[in-house]
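Student: coordinates only, sequence not included:
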């Protein structure tokens, strides 16, 4: 029976594709908890998958020259949010990087959440889930939320024409409309800059 469960899990992992992260919960329909965890442990030992942290695995990407590549933060977070049923919002330097406002890829990647705070260390990368207020999460999962968090990180004194120009190109007409709808979630000092980006 355990072999059947393991084969079913392996086939599902192959179907997910390389680079995808997952927890044992993704396979609950395939067998009991013990059988699932034992199967994942065996697949990790044989090198099919990689264990990133307790209860967190990846079907790793392989580069011809570089070998096994580091996991992608967004894939790690996707697996955790699916398991824990939480909402997250990229914050700080990571938010700025995602928008192309900073070329620096931070080692510490911060997400805001209404769930439990925690830290996940994977190699040189640390993912930090930071508990925050309902107001800060009002725009979670939206482009408007990403923009607000990135600009908070950059700070009022660094909001110049170059930043505005980059965001004008980056955001679609729909994104700009959404930005104006959510402008009340931004601090007062930022609102004029958001209007400039949206062309209002």
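Tutor: Noted; the coordinates are in hand. Predicted, not measured: the structure shown is a model, and the values here were computed from it.

Student: ok, and what's touching the helix or strand hosting residue 41?
Tutor: For residue 41, the element it lies in under DSSP states H and E is helix 33-45. The contact list for helix 33-45, computed with C-beta atoms under 8 Å, 6 or more residues apart in numbering, reads 1-2, 5-6, 9-10, 13, 24, 27-28, 30-31, 49-51, 57. C-beta: built from backbone N, CA, C; applies to glycine.

Student: Which two among those are spaced furthest apart?
Tutor: Among these, the pair separated by the greatest distance (C-beta to C-beta) is 1 and 50, at 25.6 Å.

Student: Which secondary structure elements does the longest helix along the chain sit against?
Tutor: The longest helix of the chain (DSSP state H) is helix 2-16. Helix 2-16 sits against helix 33-45, with contacts defined as 3 or more C-beta pairs under 8 Å, 6 or more residues apart in numbering; DSSP states H and E.

Student: run the last query once more with 10 Å
Tutor: strand 21-22, helix 33-45, strand 56-58 (3 or more C-beta pairs under 10 Å, 6 or more residues apart in numbering; DSSP states H and E).

Student: domain parsing for the chain?
Tutor: 1-68, 86-198 (the TED database).

Student: With mean neighbour count as extra columns, can I get those domains in JSON lines?
Tutor: Formatted as JSON lines, the domains of the chain follow (neighbours: other C-beta atoms under 10 Å):
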{"stretch": "domain 1-68", "mean neighbour count": "15"}
{"stretch": "domain 86-198", "mean neighbour count": "17"}
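
Student: just to revisit the earlier point, which one, of the helices and strands packed on helix 2-16, ends up nearest to residue 182?
Tutor: Nearest to residue 182, of all these, is strand 21-22, at 29.0 Å by C-beta to C-beta.

Student: Direction included, what does that closest one pair up with?
Tutor: Looking at strand 21-22 with DSSP bridges, its partner strands are strand 56-58 (antiparallel).

Student: re earlier: will you turn the domains of the chain into TSV that also has mean pLDDT?
Tutor: Formatted as TSV, the domains of the chain follow (pLDDT from 0 to 100):
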stretch	mean pLDDT
domain 1-68	93
domain 86-198	93
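
Student: In TSV: those, plus distance to residue 80.
Tutor: Converted to TSV, those look like this (distance: least, C-beta to C-beta, whole Å):
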stretch	distance to residue 80
domain 1-68	7
domain 86-198	7
